[in-house]
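Participant: sequence? don't have it. structure:
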């Protein structure tokens, strides 16, 4: 599935210990494009105020819903707000929500899944039951519920996304630990008197990291999409905050007269998701032991 | 058989847990439903009467019991005006619409993904493979909240080929179903390709080829059957995601389905309606995963006859 990487990418000979550390983490055209998009997106988000894109809150009623032109490269939205400035600052919100939701989900999920698999018994049973309940209906539904309970705010969106987000990581970590638990190196560590926290943190978690990072690379754009969907439903960030989803929501009302309002934020969203997915494909081929 | 019974039990438990979870969340929604129905100037006596009529004066477990009793006897009514609305009438109208939408989306996804994935996996590295990879990467990346308006803009407004959405004519389903199904199509095409590639490197395929069987027979009869097993598992999981996507798609197209009903119920604080919607969603989910299990057993003789 490594798009663009020729069969040359296969390990040369199984008998040789592969000099894995020498190979770059991101190889092939697709993953490189992905990395470039992701880095560009991060740069835009970090440098948003210094890019000269203008004030995302500046109102000019005479310019309402103006098409792209010299004053406003991507046109204006409701109240004459500049679309480009909204996009640039929206990237911050989108990435911030995506990054924090993914980080919290990944850490919590990995720890819970590891604990469940390693301890077994009631702890594991409870964990599996909770995950089953959370996976018994679409994740976006729970996010919608939580967001509407807590009200629109940046933190609440993150909470809503984490509420179901951690389950994927917990399942992954649990499956991996169940497989790793009886491997020789774990038995060896225990025989040498290593404590449980030491075995978990020094021997199990490092072996989990590859798959978890890969999953997080796909989880992050998923969280960005979910934030956009929530904001689209009016349940995401507070009204007025620059958000791609909210801008798309606004734009759908003006499809006939000002299609650019919905077009550009959607394009930015699609490009970001594409970038992370391409990067994720590359990382998966490299980091996931299940894929050779 | 045992396995399926166990799965059913687990799934029903999960469905009950989901309704419980949602009930607790609904309880936490800020604002008093009585306030939003009667307005803040209402007389205290009226408020108390309404509170009692809606069983809001009872603790959560009692309310859940009343909900379960009414739900079981199909007598559940809307908990905001007009109270006469029977929840199951509304769901009975909305659920087939959502099922239709999801079914069409699944149909589109399979129609696109199966040939594309097969052709791509048959000749990896070829032109079709490149096109399929491109489609797979782009299709997954397209947010529905954007793809929907985009399709409306081009096919309904600019070209005027299709209605935006609607149930009066079959054409009204095209744009919503496409919006909902395209990501699944992309995902499945990719999965089928990978799965077929894996199957074609197996010994039994080499044996079939060595026997001198026609390449088409090798792929379609030997490789494909095995390649579909992992696809089936993933499809079951993805159908759940399709239901979630339906909520968003319905909102984009203003389509009268379960998602619209649920969003409306949350908005109006119609607790019983919202709970019933979630119950319907989870039951649909449970049903889908059971059907997937059955299909898997039917397709895999090792599961069918084995332990």
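Facilitator: That came in fine, so what should we check first? Since we're looking at a predicted model, the values are computed, not measured. Numbering: from 1, shown residues only, chains lettered A, B, ... in the order given.
Participant: element containing the residue nearest the centre of chain B?
Facilitator: Centrality entry for chain B: nearest residue to the mean C-alpha point is residue B:243, 1.8 Å, by C-alpha atoms, centre = their mean. With elements delineated by DSSP states H and E, residue B:243 resides in helix B:224-253, which encompasses its position.
Participant: Tell me what angle the helix or strand following that helix forms with helix B:224-253.
Facilitator: If you walk from helix B:224-253 toward the C-terminus, the next helix or strand you reach (DSSP H and E) is helix B:258-267. In terms of direction (axes from the mean of the first three to the mean of the last three C-alpha atoms, to 10 degrees), helix B:258-267 departs from helix B:224-253 by 50 degrees.
Participant: So is helix B:258-267 next to chain A?
Facilitator: Yes - Helix B:258-267 comes into contact with chain A when judged by C-beta under 8 Å from any C-beta of the partner chain, the residues involved being B:262-263, B:266-267. To be clear about C-beta, it is placed using only N, CA and C from the backbone, and glycine gets the same treatment.
Participant: quick check, nearest of the residues you listed to chain A?
Facilitator: Set against chain A, the nearest of these by C-beta to the nearest C-beta is residue B:266 (5.2 Å).
Participant: ok, the closest one - how many residues close by?
Facilitator: The number of residues packed around residue B:266, counting by other C-beta atoms under 10 Å in any protein chain shown, is 24.
Participant: Contact partners for it?
Facilitator: Residues touching residue B:266, when contacts are defined by C-beta atoms under 8 Å, 6 or more residues apart in numbering or on different chains, comprise A:144-145, A:148, B:274.
Participant: Recalculate using a threshold of 7 Å.
Facilitator: Counting by C-beta atoms under 7 Å, 6 or more residues apart in numbering or on different chains, residue B:266 touches A:144, A:148, B:274.
Participant: from what I can see the last one touches residue B:264, true?
Facilitator: Yep, that's residue B:274 we're talking about. No - checked against C-beta atoms under 7 Å, the pair residue B:274 and residue B:264 is beyond contact range at 9.2 Å.
Participant: Pick out whichever of those two has more residues nearby.
Facilitator: Counting neighbours by other C-beta under 10 Å for residue B:274 and for residue B:264 shows that residue B:274 has the greater number, 27 against 15.
Participant: excluding its backbone neighbours, what's nearest that one?
Facilitator: Take residue B:274 and drop its neighbours on the chain: the residue closest to it by C-beta to C-beta, 6 or more residues apart in numbering or on different chains is residue B:265, 4.1 Å away.
Participant: Number of residues surrounding the one you found?
Facilitator: 24.
Participant: Any figure for the gap between it and residue B:277?
Facilitator: Summarising the geometry, the distance separating residue B:265 from residue B:277, computed by C-beta to C-beta, to the nearest Å, is 6 Å.
Participant: for residue B:226, same thing?
Facilitator: From residue B:226 across to residue B:277, the span is 39 Å (C-beta to C-beta).
Participant: now do residue A:146
Facilitator: When C-beta to C-beta is the yardstick, residue A:146 and residue B:277 sit 16 Å from each other.
Participant: can you check residue A:225 too?
Facilitator: Separation of residue A:225 from residue B:277 (C-beta to C-beta): 23 Å.
Participant: try residue A:84
Facilitator: Distance of residue A:84 to residue B:277, given as C-beta to C-beta: 39 Å.
Participant: Which pLDDT value does the model give residue 39?
Facilitator: Assuming you mean chain A. The predicted structure scores residue A:39 at 92 on the pLDDT scale.
Participant: hmm, I had chain B in mind actually
Facilitator: Confidence at residue B:39, expressed as pLDDT, is 71.
Participant: Can you list phi and psi of it for me?
Facilitator: When quoted as degrees, to the nearest 10, the phi and psi of residue B:39 stand at phi 90, psi 160.
Participant: for residue A:82, same thing?
Facilitator: Dihedral angles of residue A:82 (phi, psi; degrees, to the nearest 10) stand at phi -70, psi 130.
Participant: before we move on, what about residue A:238?
Facilitator: In this entry, residue A:238 is assigned phi and psi values of phi -60, psi 150 (degrees, to the nearest 10).
Participant: Also residue A:76?
Facilitator: On the backbone of residue A:76 - angles per degrees, to the nearest 10 - the values are phi -130, psi 160.
Participant: likewise residue B:73?
Facilitator: phi -100, psi 10.
Participant: what separates it from residue A:273, distance-wise?
Facilitator: For residue B:73, the distance to residue A:273 under the criterion C-beta to C-beta works out to 46 Å.
Participant: With residue A:62 instead?
Facilitator: Relative to residue A:273, residue A:62 is positioned 35 Å away (C-beta to C-beta).
Participant: neighbour-wise, which of the two wins?
Facilitator: Set residue A:62 next to residue A:273 and count neighbours by other C-beta under 10 Å: residue A:273 wins out with 25 against 6.
Participant: pretty sure the more buried one contacts residue A:221?
Facilitator: Yes - contact status for residue A:273 versus residue A:221: in contact at 4.1 Å, counting by C-beta under 7 Å.
Participant: quick one on the thing from earlier: what about the contacts of residue B:266, which are in helices?
Facilitator: The members of the contacts of residue B:266 that map onto helices under DSSP state H are A:144, A:148, B:274.
Participant: what's the closest non-adjacent residue to the first one?
Facilitator: This points to residue A:144. Ranked by C-beta to C-beta, 6+ apart and with sequence neighbours excluded, the top spatial neighbour of residue A:144 is residue A:235, at 6.1 Å.
Participant: Any residues of chain A in contact with chain B? List them.
Facilitator: Taking C-beta under 7 Å from any C-beta of the partner chain as the criterion, chain A approaches chain B at residues A:1, A:3, A:132-133, A:136-141, A:144-146, A:148-149, A:151, A:225, A:228-229, A:232-233, A:245, A:248, A:251-252, A:255-256, A:259, A:262, A:266, A:269-270, A:273-274, A:277-278.
Participant: Let me know the pLDDT of the residue nearest to residue B:200 when sequence neighbours are not counted.
Facilitator: With sequence-adjacent residues excluded and distances taken as C-beta to C-beta, 6+ apart, residue B:200 is closest to residue B:223, at 5.0 Å. As summarised for this prediction, residue B:223 has a pLDDT of 78.
Participant: and the gap between residue B:223 and chain A?
Facilitator: For residue B:223, the distance to chain A (C-beta to the nearest C-beta, to the nearest Å) stands at 17 Å.
Participant: just checking, that residue touches residue B:203?
Facilitator: No - using C-beta under 7 Å, residue B:223 and residue B:203 do not qualify as a contacting pair, with a distance of 11.7 Å.
Participant: The two: which is more packed in?
Facilitator: The residue with the greater number of neighbours, taking residue B:223 and residue B:203 and applying other C-beta under 10 Å, is residue B:223; the counts read 26 against 8.
Participant: Check which element follows the helix or strand hosting residue A:30 along the chain.
Facilitator: Here residue A:30 sits within helix A:29-47, counting by DSSP H and E. If you walk from helix A:29-47 toward the C-terminus, the next helix or strand you reach (DSSP H and E) is helix A:83-119.
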